[in-house]
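*Asks:* mind folding the following:
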Amino acid sequence: MTLLLYIKEDGHLATVVVETSSGYPALDIAAAACVGAAGKFVAQRDGGRPIATWQRMRWNWSLTEGHDPPPKP
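*Replies:* Predicted coordinates:
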């Protein structure tokens with residue numbers, strides 16, 4: 001799955017958007033919640049000055065043997 005993150009100049013996460021779903025809404029929500037709970041990020045810089053940017057994050061889920069993913073709605 002792919003998440004889009006909008007990181008403000010101060011490094012705080014402003015927005016998380018699921019760009020490409022894992023195919024399981026519960027896993028998409030869990031990934032977005034994990035990223036949201038991560039705290040501050042390092043802001044991009046332009047000429048040494050921090051700027052707000054959109055960043056793309058790929059998130060790969062793997063399930064251990066014997067654990068099935070949640071059912072699709």
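*Asks:* quick check: mean pLDDT of the host helix or strand of L3?
*Replies:* Assigned by DSSP states H and E, L3 falls within strand 2-7. Strand 2-7 carries an average pLDDT of 96.
*Asks:* stretch 23-36 too?
*Replies:* For stretch 23-36, the mean confidence score works out to 90.
*Asks:* may I see the buried residues of it?
*Replies:* 24, 27-28, 31-32 (16 or more other Cβ atoms under 10 Å). To be clear about C-beta, it is placed using only N, CA and C from the backbone, and glycine gets the same treatment.
*Asks:* who does the strand holding L3 pair with, and is each partner parallel or antiparallel?
*Replies:* Sheet pairing of strand 2-7 (DSSP bridges) gives strand 13-20 (antiparallel), strand 53-58 (antiparallel).
*Asks:* winner for burial among the ones you listed?
*Replies:* With neighbours defined as mean count of other Cβ atoms under 10 Å, the strands paired with strand 2-7 peak in mean count at strand 13-20, which reaches a mean of 14.
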